[in-house]
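>>> Any chance you could fold what I've pasted below:
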Amino acid sequence: MKCLDLEIIRQSGNAPLAFEPQRVINVGYAGRDQAAVRHHIEELRHEGVAPPPSVPMLFALPCSTVTTASRIETVEQKTSGEVEFVLLVQNGRLHVGIGSDHTDRSLETGDMLKSKQACPNVLGRSVWDHAEVNGHWDRLQLKSWIRADRAGEWLPYQDAAAGTILSPPQILDLVRSRVPDHRLDDMVIFSGTIPLLGGGIIAAAGFRCALVDPVLRRSLECTYEIVQLTYLQPGASAANA
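Predicted structure coming up:
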């Protein structure tokens, strides 16, 4: 398994964190407000995605899908990111990060699990100790922005309180109840997302997201560019590529 080179941002000082994921779980439809969950389901229905059989949903992903890269490659053109807080469990300690469950929207209409597995899960390099934000968790804000190209303007895409999603303890309890051995150590968990501001999924060339703490006046950020893979035309040589 590859090791993620992260940094813990603490009030007392920063420290490196080497994290080697053993399991990766994406949570879906994890809103506390069921009306908001139904709203997100309707957003996806408009994109041709069938409603889930139950909520919340859990998706198991290969550990290799998690990356801190600032650039990802996709096979299909219709892909998009979505802001999520990320839980990392190591030696019984809980860390909180920010990231994006990047999804292949073409595959999503036929197989939601494969649509998640086809793209990377992007994680910001900095994380917090959960203990430092636990007391004011619901005041944290999740935000995301998109842009059409590298020179384009960042446009607001998502914006809602972290408290609209199941809390970290609730997500841990949910995952623990679903995995056969009930173990969470060395696990990376993406929380599920918040509604889109415009109501429609946009396949952009750049995605940026943040977890904002208005109490301690700090934020975690994750930014990456999306590049669709292109292929040689029939008969083209490597020299002309």
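
>>> which residues touch Arg45?
Residues near Arg45 by Cβ atoms under 8 Å, 6 or more residues apart in numbering: Pro51. Any C-beta I mention is one placed from the backbone N, CA and C, and that applies to glycine too.

>>> Roughly how far does it sit from Gln141?
The gap separating Arg45 from Gln141 is 27 Å, by Cβ to Cβ, to the nearest Å.

>>> And the helices in the chain, which stretches?
Counting by DSSP state H, the chain has helices at residues 34-46, 105-108, 112-117, 130-133, 168-178.

>>> Next up, the contacts around the residue lying closest to Ile202 once chain neighbours are set aside.
Leaving aside its chain neighbours, Ile202 sits nearest to Ile146 (5.8 Å; criterion: Cβ to Cβ, 6 or more residues apart in numbering). By Cβ under 8 Å, 6+ apart, the residues touching Ile146 are Ser80, Gly81, Trp154, Leu155, Tyr157, Ile202, Ala204, Gly206, Phe207, Arg208.

>>> Please tell me which one of these counts the most neighbours.
Neighbour counts for these, by other Cβ atoms under 10 Å, peak at Gly81, which reaches 30 neighbours.

>>> Can you give me the distance of it to Pro16?
If you measure Gly81 against Pro16 using Cβ to Cβ, the figure is 26 Å.

>>> ditto for Thr68
Thr68 sits 13 Å away from Pro16, going by Cβ to Cβ.

>>> Asn121 too?
Taking Cβ to Cβ, one finds Asn121 at 21 Å from Pro16.

>>> what about those two, which has more around it?
Asn121 (27 against 8).

>>> Contacts only, for that one.
Taking Cβ under 8 Å, 6+ apart, we find Asn121 in contact with Val24, Asn26, Leu61, Thr65, Val66, Thr67, Gly99, Ser100, Asp101, His102, Val188, Phe190.

>>> And for the fifth one, nearest residue in space, chain neighbours not counted?
The reference is to Val66. Distances taken as Cβ to Cβ, 6+ apart put Asn121 closest to Val66, at 4.9 Å, once the chain neighbours are dropped.

>>> Give the bridge partners for that neighbour, please.
With DSSP bridges applied, Asn121 shows beta-bridge pairing to Val66, Asp101.

>>> ok, and for the lowest-mean-pLDDT helix or strand in the chain, which residues are buried?
Scoring the helices and strands of the chain by mean pLDDT, DSSP states H and E places helix 34-46 at the bottom, with a mean of 75. Neighbour counts over helix 34-46 (16 or more other Cβ atoms under 10 Å) mark Ala36, Val37, His40, Ile41, Glu43, Leu44 as buried.
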